[in-house]
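Peer 1: Quick check, what structure comes out for this input:
(one chain, ligands or ions: 1)
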Amino acid sequence: MALNLQALLAPIYGEDPQTLQEQATRYQRGLEAFARIYGAGPVLVFRSPGRVNLIGEHTDYNHGFVMPMALDKDVLIFARPREDQQVNIANIEDRFGKRHFTISEEIPPKPIGDWANYLQGPAQLLEREHGPGLKGFDGLVDGAPPYGVPRGAGLSSSSALTVAAAVTLVGINQLALQGAALAEACGRAEWYVGTRGGIMDQFSAVLAKHGHALFLDCRPREGNEYYFKHVPIPAGYAVIVVDSGVRHKNTGPLFNRRVAEGRIGVRLLQKKFPGITHLRDVNDIPWEELEPLLPEVIHTDELLRLGIDPETILDQGVSPGTDTFYVRKRCRHVITENQRVLQSVSALEAGDMETFGRLLQEAHASARDDYEISTPEIEVLVELANQAPGTVGARLTGAGWGGCIVAVVQQDAVEAFVQSVLPEYNRRVGLQAKAFPCQSSAGAGQAFSTTI
Ligand code: NG1
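Peer 2: The predicted structure is shown next:
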């Protein structure tokens with residue numbers, strides 16, 4: 001019986017006929033490539049999406065709120081279960097052949113950047129925590145453009161591959177691991193590759209729902225549970241990620257300094273609010289009450305007099321690398337950003353795109369003026385995005401200091417947006433920006449199974 005791919009893919013990508021036709025062609029091509037490599041037989045198809053953060057920047061490590069959206073740019077894994085623990089994995093984009101590993105062996109990581117690391121991480125973690133004896137698979141990865149998650153563009157392509165590998169192993173071994181527990185495990189699996197990121201990316205990939213953004217409370221509750229909810233994106237709007245082409249090297253120390261400034265803020269606020277541990281804890285207190293407790297600028301000598309040692313405020317004794325801390329405006333950004341995320345949830349739920357657009361603009365201004373993570377190029381890009389017809393709102397997204405902006409745009413204005421923003425950005429800045437118009441998609445999991 002012929003496989004009705006479009007019907008199988010509609011719950012993932014929505015009902016748009018053109019999208020479904022393109023995706024069906026893509027999946028068909030993957031099935032054919034799989035058959036050429038591994039021959040006829042059963043195939044299970046798994047996927048995991050990239051993400052963009054709509055709002056809630058630099059709030060996650062302050063135990064605050066974020067609202068990412070999973071994209072229709074995703075990573076596919078075509079897999080045939082094996083009876084042994086071997087994993088053989090080809091990549092539609094890698095002509096250098098397959099990678100092989102055995103699930104039970106702790107194999108040293110391959111050179112940084114090797115894509116197979118992102119499969120080995122979850123394999124080792126799941127074997128340790130849900131094994132022993134997990135079955136391996138013969139697989140084919142497809143993250144190729146234009147439907148794959150663009151790499152190096154701030155869209156979480158590495159988390160997408162990690163989560164795709166995890167759901168493949170969970171699926172073929174029928175493990176009872178899903179939802180937030182799976183997302184949390186995927187976060188730790190990515191540590192194997194050497195990154196120590198937040199939890200936003202894996203949660204978005206695992207928990208997303210087509211047509212929705214994901215509101216996530218980054219504070220773990222009892223039993224390591226997390227609160228999240230799906231927030232509808234009103235029909236007729238597209239999300240465009242525009243990569244500025246600017247990459248600032250060495251943003252780690254700048255990032256650490258921001259983390260330190262938030263923690264210093266907490267220590268200063270504890271004098272009046274002794275129970276608090278994160279900026280999240282003062283969300284409901286009016287800013288006027290907090291402001292006098294938070295100096296605009298404070299130096300190390302003053303902090304030491306107050307019994308606060310900035311050299312030990314970061315984890316593993318990382319130095320913040322400065323003795324000047326801008327505590328007030330950094331805390332103001334985090335506290336107001338948390339409020340904007342909550343207001344954005346209400347606005348989207350009410351279909352109020354005007355308010356949502358205004359919150360995006362305010363979030364950008366706060367990131368630029370209070371958190372100081374914008375750049376002149378990003379400012380040009382946001383300005384041009386806001387001038388384009390049909391734009392609801394635009395802001396920088398991700399850690400900052402270059403990278404990407406996100407714009408929410410009326411669906412029928414996407415082409416005009418790209419035509420007006422990219423050439424003018426090039427003219428004014430001299431760089432070639434890249435635009436990725438995206439729709440939302442469902443979270444990671446098995447798309448379907450078939451026999452080829
Ligand atoms: P990006 O730059 O999008 O990977 C980083 C952090 C997030 C979050 C944002 C700022 C890592 C891997 N990711 O995201 O957790 O803090 O900055 O909102 O550290």
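Peer 1: List the contacts of residue 220.
Peer 2: Going by CB atoms under 8 Å, 6 or more residues apart in numbering, residue 220 touches residue 226. From N, CA and C alone the C-beta is placed, and that goes for glycine too.
Peer 1: Just the pLDDT for it.
Peer 2: We have a pLDDT of 90 for residue 220.
Peer 1: what separates it from residue 274, distance-wise?
Peer 2: Relative to residue 274, residue 220 is positioned 22 Å away (CB to CB, to the nearest Å).
Peer 1: repeat for residue 410
Peer 2: Residue 410 is 49 Å from residue 274, where distance means CB to CB.
Peer 1: Compare those two (neighbour count), which wins?
Peer 2: Using other CB atoms under 10 Å as the criterion, residue 410 and residue 274 rank with residue 410 on top: 16 against 7.
Peer 1: The more buried one and residue 236, how far apart?
Peer 2: 6 Å.
Peer 1: Same question for residue 250.
Peer 2: Residue 250 is 41 Å from residue 236, by CB to CB.
Peer 1: what does residue 104 give?
Peer 2: Separation of residue 104 from residue 236 (CB to CB): 50 Å.
Peer 1: try residue 176
Peer 2: Counting by CB to CB - residue 176 and residue 236 are separated by 39 Å.
Peer 1: burial count for residue 430?
Peer 2: Other residues lying near residue 430 total 9 when counted by other CB under 10 Å.
Peer 1: Phi, psi for it please.
Peer 2: Per-residue torsions, residue 430: phi 80, psi 10 (degrees, to the nearest 10).
Peer 1: Show me which residues of the stretch 1-150 of the chain are close to the ligand?
Peer 2: Residues of the stretch 1-150 of the chain lying close to the ligand by CB under 6 Å from any ligand atom are 57, 58, 60, 61.
Peer 1: Measure how buried residue 364 is and give me the count.
Peer 2: Neighbours of residue 364 (other CB under 10 Å): 25.
Peer 1: my guess is it meets residue 386, correct?
Peer 2: No: contact criterion CB atoms under 8 Å: residue 364 and residue 386 do not qualify, at 9.1 Å.
Peer 1: quick one: common contacting residues for the two?
Peer 2: Residues within reach of residue 364 and of residue 386 at once, by CB under 8 Å, 6+ apart, are residue 394.
Peer 1: still on that earlier bit, most neighbours among the residues of the stretch 1-150 of the chain next to the ligand, which one?
Peer 2: residue 57 (26 neighbours).
Peer 1: could you pull out the helices for this structure?
Peer 2: Taking DSSP state H, the helices of the chain run over residues 5-13, 17-38, 117-130, 157-172, 179-191, 200-207, 252-269, 287-290, 300-305, 327-349, 353-369, 376-387, 414-429.
Peer 1: Do you know the pLDDT at residue 113?
Peer 2: pLDDT at residue 113 comes out at 64.
Peer 1: With residue 199 instead?
Peer 2: Here the pLDDT value assigned to residue 199 is 85.
Peer 1: now it, nearest residue through space, not along the chain?
Peer 2: Among residues not flanking residue 199 along the chain, residue 187 sits closest, at 5.0 Å (CB to CB, 6 or more residues apart in numbering).
Peer 1: tell me the contacts of the nearest residue to residue 92 once chain neighbours are set aside?
Peer 2: Leaving out its chain neighbours, the residue that sits closest to residue 92 by CB to CB, 6+ apart is residue 142, at 4.5 Å. By CB under 8 Å, 6+ apart, residue 142 lies in contact with 26, 30, 33, 75, 76, 77, 78, 91, 92, 148.
Peer 1: make it 6 Å
Peer 2: 30, 76, 92 (CB atoms under 6 Å, 6 or more residues apart in numbering).
Peer 1: Check whether the last one really touches residue 143, as I assumed.
Peer 2: What that stands for is residue 92. No: counting by CB atoms under 6 Å, residue 92 stays clear of residue 143, with 7.9 Å between them.
Peer 1: and those two? which has more neighbours close in?
Peer 2: More crowded of residue 92 and residue 143, by other CB under 10 Å: residue 143, with 25 against 18.
Peer 1: Run a quick neighbour tally on the spatially closest residue to residue 27 that is not a sequence neighbour.
Peer 2: Spatially, and ignoring its direct neighbours in sequence, residue 27 is nearest to residue 5 (5.6 Å; CB to CB, 6+ apart). Counted by other CB under 10 Å, the residues lying close to residue 5 total 21.
Peer 1: distance of residue 5 from the ligand?
Peer 2: 32 Å (CB to the nearest ligand atom, to the nearest Å).
Peer 1: circling back: now for the helices of the chain, which one comes closest to residue 319?
Peer 2: Distance to residue 319, taken as CB to CB, is lowest for helix 252-269 among these, at 8.1 Å.
Peer 1: Between the residues of the stretch 1-150 of the chain next to the ligand, which sits nearest residue 434?
Peer 2: Looking across these and measuring by CB to CB, the closest to residue 434 is residue 57, at 20.8 Å.
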